[in-house]
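K.L.:
have a look at this prediction, sequence included:
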Amino acid sequence: MDESRNIDAVRPNCAVVGVWGLPAAANIAYLGLYALQHRGQEAAGIVSTNGQLLFRHAAKGLVADAFRDKAVLNSLEGGAAIGHNRYSTTGPSSEQNVQPLLVEDRSGSVAMAHNGNLVNYLPLRKFLEEEGSLFRTTSDSELILQLAARSHTPTFLDRFLEALRMVKGAYSLTLLTRNSLIAARDPNGFRPLCLGQKDGGWVVASESCALDLIGATYIRDVEPGEVIIFDHDGMRNFRFTPPNKPTHCIFEYVYFSRPDSRVFGDNVDKTRRKLGHILAKYHPAPADVDFVMSVPDSSNTAALGYAHESGLPFEIALIRNHYVGRTFIEPEQKLRDFGVKVKFNPVIGVLKGKRVILVDDSIVRGTTLKKLVQHIREAGALAVHVRISSPPVRHPCFYGMDFPSREQLAANDMTLEEICDFIAADSLEYLSVEELVSGVPHENGQGYCTACFTGKYPIDNDEDEGTIKLGC
Ligand code: SF4
């Protein structure tokens, strides 16, 4: 987990990329994964093909660590590749779950990278195991390949489509065979997936910020329920299920996607600023507030929107240490609130004697925010009013975001007043669900999942809450 983001927030899930028809495709996939590092920091992997063989390298750690040896990256030959950044949503992490998965289908080698989480994994896995299937991983991603392997249809594509029609939940996928790249997105379109073009070749990626770094032009989103196939005949696409009303993950706009990305048909930055505007309009600052500040970096954009709407200055009053990573070793002499202090430091010269609005994107446990409020006060702030650019998180996510258990969610058993007391803020206000939904794009028929706020799940979960399994 990238603890340097909002460390009390939802944990990221995963990222996928796919490259077709470009020389040194693995190098391009590497750049794509690098841009998508925020979606998963546990492991990274790339599989490429030269049309005859598939080449794979995957390792734990950040993209730059997993591919520290340039010779390894250059050994991934060919003009097509897929890649994956992993953050497991639940359960243990282990080498065998690092993606892309690579298996032998009866028509040849197949690699797959998955972002999302399947909600009927356990019953289907149980069924397959009773029928004799041997699973190599504890990842729900493997289920799709296992289901495809059982199908009696003649081509891998047909077997894959049959498998997709059996699974339920969230998946944005890239698959690679010797002679094709396949991209697919679940019928609800929970997780983003976009399509770009570069120098006559094609790129698919979880977010458009990957296309930017690669130098590819954004063409469009992969539609919910759409499969796109790239092979030597060109590109073709079709829907593998009738269209559903999309239920895009609204949390991608609140927190998860990079602000410089375009997801679900619009710019994240623009939407996040709009949420800040709505927050200021319906949850204004008290008259004596001096300025608006954010919890960097994920709340910067919403805080700018809040400041703009309220006519207050925006100040940088918390400095985030960007270099705290997984390898950080806590000294033996533990300091109080060390975990928060090492990542965020208040700017005394800015805060002393001031009354502030602190904008954050969400409250999950509330423990980090409580410490931040305390440090801001210790830096001399006279008042800390907290405004949250999303509603209270009350329910777990079954579609690929890793929230703590329901019991650990601050809003599970505390009222707004109790949370305000808990974080020791002078006031606390959230966006309502209606305000949040009014702030996200709807122009192109988009619909949204809001289940972690409302408990209204667009797809039933066939598994018990808290079941150990790996999504991505
Ligand atoms: S439950 Fe929340 S985090 Fe999960 S998909 Fe729905 S909106 Fe996104």
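P.N.:
Yep, that arrived. Numbering: from 1, shown residues only.

K.L.:
per-residue confidence at the closest residue to the ligand within the stretch 251-400 of the chain?
P.N.:
As assessed by Cβ to the nearest ligand atom, the ligand sits closest to Cys397 within the stretch 251-400 of the chain, at 3.0 Å. Any C-beta I mention is one placed from the backbone N, CA and C, and that applies to glycine too. Note on Cys397: pLDDT of 92.

K.L.:
Provide a list of residues in contact with it.
P.N.:
By Cβ atoms under 8 Å, 6 or more residues apart in numbering, Cys397 lies in contact with 10, 117, 251, 403, 451-452.

K.L.:
now do 7 Å
P.N.:
By Cβ atoms under 7 Å, 6 or more residues apart in numbering, the contact list for Cys397 reads 403, 451-452.

K.L.:
what bits of the chain have low per-residue confidence?
P.N.:
1-12, 88-94, 325-337, 463-471 (pLDDT under 70).

K.L.:
for it, what's the longest strand?
P.N.:
In the chain, taking DSSP state E as the definition, the longest strand is strand 108-118.

K.L.:
so what does it touch, helix or strand wise?
P.N.:
Strand 108-118 sits against strand 15-20, strand 54-60, strand 80-86, strand 101-105, helix 141-150, strand 169-177, with contacts defined as 3 or more Cβ pairs under 7 Å, 6 or more residues apart in numbering; DSSP states H and E.

K.L.:
after it, next one along is what?
P.N.:
As assigned by DSSP states H and E, the chain's next helix or strand after strand 108-118 is helix 121-130.

K.L.:
may I see the buried residues of that following helix?
P.N.:
Using 16 or more other Cβ atoms under 10 Å as the test for burial, helix 121-130 gives 121-122, 124-125, 128.

K.L.:
which one of the residues you listed sits closest to Arg273?
P.N.:
Checking the buried residues of helix 121-130 against Arg273 by Cβ to Cβ gives Tyr121 as the nearest, at 37.1 Å.

K.L.:
roughly how far apart are that closest one and Ser141?
P.N.:
Look at Tyr121 and Ser141: by Cβ to Cβ, to the nearest Å, they are 9 Å apart.

K.L.:
specify the local secondary structure of Tyr323.
P.N.:
coil (DSSP: H, G, I helix; E, B strand; the rest coil).

K.L.:
now do it: how many residues are near it, please.
P.N.:
8 (other Cβ atoms under 10 Å).

K.L.:
and what of Asn27?
P.N.:
20.

K.L.:
name the nearest residue to it, sequence neighbours excluded.
P.N.:
Leu73 (6.3 Å; Cβ to Cβ, 6 or more residues apart in numbering).

K.L.:
how much space between the residue of the chain positioned farthest from its centre and Arg377?
P.N.:
What lies farthest from the middle of the chain is Gly353; by Cα atoms, centre = their mean that is 38.0 Å. To Arg377, Gly353 is 12 Å away according to Cβ to Cβ.

K.L.:
and for Asp266?
P.N.:
Distance, Asp266 to Arg377, using Cβ to Cβ: 37 Å.

K.L.:
likewise for Ala59?
P.N.:
Ala59 is 43 Å from Arg377, by Cβ to Cβ.

K.L.:
and the stretch 351-472 of the chain, which of its residues are near the ligand?
P.N.:
For the stretch 351-472 of the chain, the residues in contact with the ligand (Cβ under 6 Å from any ligand atom) are 397, 399, 401, 449-452.

K.L.:
among the residues you listed, which lie within helices?
P.N.:
Among these, the members found in helices (DSSP state H) are 451-452.

K.L.:
now for the residues of the stretch 351-472 of the chain next to the ligand: which two are most distant?
P.N.:
Met401 and Thr450 (12.5 Å).

K.L.:
how about the contacts made by the closest residue to Ser75 other than its chain neighbours?
P.N.:
Excluding the flanking residues, the one nearest Ser75 by Cβ to Cβ, 6+ apart is Phe55, at 6.5 Å. With contacts defined as Cβ under 7 Å, 6+ apart, Phe55 is in contact with 47-48, 75-77.

K.L.:
rerun at 8 Å
P.N.:
Applying Cβ under 8 Å, 6+ apart, the residues near Phe55 are 26, 47-49, 75-78.

K.L.:
for the spatially closest residue to Arg86 that is not a sequence neighbour, which residues are in contact?
P.N.:
Take Arg86 and drop its neighbours on the chain: the residue closest to it by Cβ to Cβ, 6+ apart is Ala43, 4.2 Å away. Listed by Cβ under 8 Å, 6+ apart, the contact partners of Ala43 are 58-61, 66, 85-86, 93, 98-99.

K.L.:
mind redoing it with 6 Å?
P.N.:
Applying Cβ atoms under 6 Å, 6 or more residues apart in numbering to Ala43 gives the contacts 60, 86, 98.

K.L.:
most neighbours among the residues you listed, which one?
P.N.:
Arg86 (31 neighbours).

K.L.:
got a list of contacts for stretch 186-198?
P.N.:
115-116, 170-172, 185, 203-208, 211, 215-222, 224-225, 241, 244, 246-249, 263, 399, 458.

K.L.:
return the subset of those lying in strands.
P.N.:
Using DSSP E, the contacts of stretch 186-198 in strands are 115-116, 170-172, 185, 203-205, 217-221, 248-249, 263.

K.L.:
and the ligand, which of these reach it?
P.N.:
With Cβ under 6 Å from any ligand atom as the criterion, the ones in strands among the contacts of stretch 186-198 include Cys249 near the ligand.

K.L.:
ChimeraX command for the buried members of the ones in strands among the contacts of stretch 186-198?
P.N.:
Selection command for ChimeraX covering only the buried members of the ones in strands among the contacts of stretch 186-198, criterion 16+ other Cβ under 10 Å:
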select :115,116,170,171,172,185,203,204,205,218,221,248,249,263
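
K.L.:
got the contact list for Phe156?
P.N.:
By Cβ under 6 Å, 6+ apart, the contact list for Phe156 reads 105, 107.

K.L.:
and it, how far from the ligand?
P.N.:
Separation of Phe156 from the ligand (Cβ to the nearest ligand atom, to the nearest Å): 29 Å.

K.L.:
kindly report the same for Ala66.
P.N.:
Ala66 is 26 Å from the ligand, by Cβ to the nearest ligand atom.

K.L.:
looks like that residue contacts Ala44 (just checking).
P.N.:
Yes. Ala66 is within contact range of Ala44, at 4.1 Å (criterion: Cβ atoms under 6 Å).

K.L.:
and for those two, which residues touch both?
P.N.:
In terms of Cβ under 6 Å, 6+ apart, Ala66 and Ala44 are not both contacted by any residue.

K.L.:
Met401 and Thr450 - which one has more neighbours?
P.N.:
Met401 (27 against 22).

K.L.:
mind putting the contacts of Phe55 into CSV with secondary structure and distance to Leu369?
P.N.:
Output for those, formatted as CSV (DSSP: H, G, I helix; E, B strand; the rest coil; distance: Cβ to Cβ, whole Å):
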residue, secondary structure, distance to Leu369
Ala26, helix, 41
Val47, strand, 40
Ser48, strand, 43
Thr49, strand, 47
Ser75, coil, 46
Leu76, coil, 42
Glu77, coil, 48
Gly78, coil, 47
